[in-house]
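Engineer: sequence isn't available, so here's the structure alone:
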C-alpha cells in the first residue's frame, strides 16, 4: 500500500526565515509526486508535479525537489501570505492520489 | 465556471437521513475523484471515475455510500442513513487525464457535511 509521511506536522517561521518541508514516500511504480497548498475552508490548490528523481520545479518562493524516496518543498524568504497547509501526494499505477497528512506553515510578520 | 463546482457548500442533516452531494468538474476533464477530509485528518480517497465508469471504488467506507457520474460530467455522491462519523468535508477533484502528464487534480471547495 502507498504510504506518504510528511514532516514536520507544523512549522512556525518568522517572515524571511527560509525552511524546508519533507515528504517521504513508499509507492510501487511512481507516476507522479504532487504538492498542494490548502487554505482554511478551501480545497487544495495544485502547486507542482514531479515525475522523476532529480527533477526540480520552482514557483515564486517555493521550490520542490524529488529523490527516489522523498521530496522537499523549500520555502525561501517566506511572507505571511505563504501561511497554509502544504500537502504532498503520490500517484501510482492505480491513478488515485494518496495524500500525506500535511504540514501547517505559519509565517509571522 | 472555470473551476470544479460543488454543492451544497454546507449541509446539516439528522442521523439516519440520506444526503446527496454534487460535483460539476472542469469542462473536458475525463477523470473525476471524490475524497473525504475529516477534521485534522488527511485526505481519504473514496472513488474514482474515468468517463462514466468507476474502475476504483475501493475507498467507499460502507455500502451506505454510492456515487454515479452521468454524461462524463456531473457526479453525485450519495450517503444513505447517515451516521455521525460521516461528518466531514467531501472534496471533488477532476483531471484532464488519469495519471501521468496532465494528471494533476483540480479540487473544488468541498461540501461540509454535519450529521447531528
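Structural biologist: Arrived safely. Owing to the predicted nature of the structure, the values given are computational and were not obtained by experimental measurement.

Engineer: for chain A, what are the nearby residues on chain B?
Structural biologist: Residues of chain B lying near chain A by Cβ under 8 Å from any Cβ of the partner chain: B:4, B:31, B:33, B:35, B:41-43, B:45, B:48, B:50, B:55-56, B:59, B:91, B:93, B:98-101, B:103-110. Placement of C-beta: from N, CA and C, glycine included.

Engineer: okay, and the helix or strand of chain B with the least pLDDT?
Structural biologist: Using mean pLDDT, DSSP states H and E, strand B:53-56 stands out as the lowest-scoring helix or strand of chain B, at a mean of 84.

Engineer: low-confidence stretches in chain A?
Structural biologist: Within chain A, the segments meeting pLDDT under 70 span A:94.

Engineer: span of stretch B:24-36 from start to end?
Structural biologist: Using Cα to Cα, to the nearest Å, one end of stretch B:24-36 lies 17 Å from the other.

Engineer: residue B:69 contacts residue B:32, doesn't it?
Structural biologist: Yes - contact criterion Cβ atoms under 8 Å: residue B:69 and residue B:32 qualify, at 6.0 Å.

Engineer: out of these two, which sits in the more crowded spot?
Structural biologist: More neighbours surround residue B:32 than the other of residue B:69 and residue B:32, with 29 against 21 (other Cβ atoms under 10 Å in any protein chain shown).

Engineer: so which helix or strand takes in that one?
Structural biologist: Per DSSP states H and E: residue B:32 is located in strand B:31-37.

Engineer: pull out the buried residues from that strand.
Structural biologist: Buried positions in strand B:31-37, judged by neighbour count with 16 or more other Cβ atoms under 10 Å in any protein chain shown: B:31, B:32, B:33, B:34, B:35, B:36, B:37.

Engineer: who touches that strand?
Structural biologist: Contacts with strand B:31-37, where a contact means Cβ atoms under 8 Å, 6 or more residues apart in numbering or on different chains, come from A:95-97, A:99, B:23, B:25, B:43-50, B:67, B:69, B:75, B:77, B:88-98, B:103, B:105, B:110.

Engineer: now, which of the residues you listed lie within strands?
Structural biologist: Among the contacts of strand B:31-37, the ones falling in strands (DSSP state E) are A:97, A:99, B:23, B:43-50, B:67, B:69, B:75, B:77, B:88-95.

Engineer: whichever of those end up buried, select them in PyMOL.
Structural biologist: Command for PyMOL, covering only those of the ones in strands among the contacts of strand B:31-37 found buried under the criterion 16+ other Cβ under 10 Å:
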select buried, (chain A and resi 97+99) or (chain B and resi 23+43+44+45+46+47+48+49+50+67+69+75+77+88+89+90+91+92+93+94+95)
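
Engineer: in chain B, which residue is closest to the centre?
Structural biologist: Central residue of chain B (Cα atoms, centre = their mean): residue B:34, 3.1 Å from the mean position.

Engineer: who does it form a beta bridge with?
Structural biologist: residue B:47, residue B:92 (DSSP bridges).

Engineer: over to residue B:79?
Structural biologist: For residue B:79, the beta-bridge partners are residue B:19, residue B:65 (DSSP bridges).
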